[in-house]
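Colleague: Make a model of this:
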Amino acid sequence: SMPVTKKELEQRPILFAEDEQMMREIGLELLVIAGAEPRSITVAADGEQAWQQLQISQFRLVILDLQMPYMDGITVARKLRAVEDRTACAPAHLVALTANGSDPRYHAEMMAAGFNEVMDKPVTLAQLARLLNYA
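Modeller: Numbers count the residues shown, from 1 in each chain. Got it, this is the predicted structure:
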């Protein structure tokens with residue numbers, strides 16, 4: 001096989017970033033129940049970790065909690081979209097997880113940051129199963 005050049009990032013299905021350990025474990029469990037292969041999911045415990053992962057691999061589905069330490073979800077989303085624009089790589093399906101997404105102004109800010117959709121926590125199995133179509 002051809003040697004991988006630096007520009008060609010490894011293709012990965014899912015990045016799931018959530019800083020609360022309990023929510024992270026539940027989310028992981030639900031993604032697997034919804035049909036995701038456990039090894040297809042990369043987990044990040046904060047925004048900085050998420051951003052590091054996004055520089056190593058190209059993900060198809062990125063689920064970001066908005067309130068995370070070190071770097072919040074909006075910052076990660078903006079940085080990712082800027083890189084995608086520069087490198088012309090296929091854009092990830094970007095999902096914001098929030099505790100207060102019902103506020104319309106907040107929703108508009110998420111969309112402006114580059115999110116494809118905003119989901120209120122707790123997310124349902126049906127919502128995650130639908131998201132897996134993007135992975």
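
Colleague: CA atoms for contacts and neighbours, from now on please.
Modeller: OK.

Colleague: List the beta-bridge partners for Glu117.
Modeller: Val95 (DSSP bridges).

Colleague: That one reaches Tyr106, doesn't it?
Modeller: No: using CA atoms under 8 Å, Glu117 is not in contact with Tyr106; the gap is 11.9 Å.

Colleague: Quick one: residues in contact with the longest helix along the chain.
Modeller: Scanning the chain for the longest helix, with DSSP state H as the assignment, gives helix 73-87. The contact list for helix 73-87 (CA atoms under 8 Å, 6 or more residues apart in numbering) reads 47, 50-51, 54, 64-67, 90-91, 94, 96, 110, 113-115.

Colleague: Which of these are buried, as a ChimeraX select command?
Modeller: This is the ChimeraX syntax for the buried subset of those, where burial follows 16 or more other CA atoms under 10 Å:
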select :47,50,51,54,64,65,66,67,91,94,96,110,113,114,115
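
Colleague: Could you identify the most distant pair in the contacts of helix 73-87?
Modeller: Taking CA to CA as the measure, those span a maximum distance of 26.0 Å, between Gln67 and Ala90.

Colleague: ok, back up a step: mind listing what's buried in the longest helix of the chain?
Modeller: Neighbour-count burial for helix 73-87 [16+ other CA under 10 Å]: Gly73, Ile74, Val76, Ala77, Arg78, Lys79, Leu80, Arg81.
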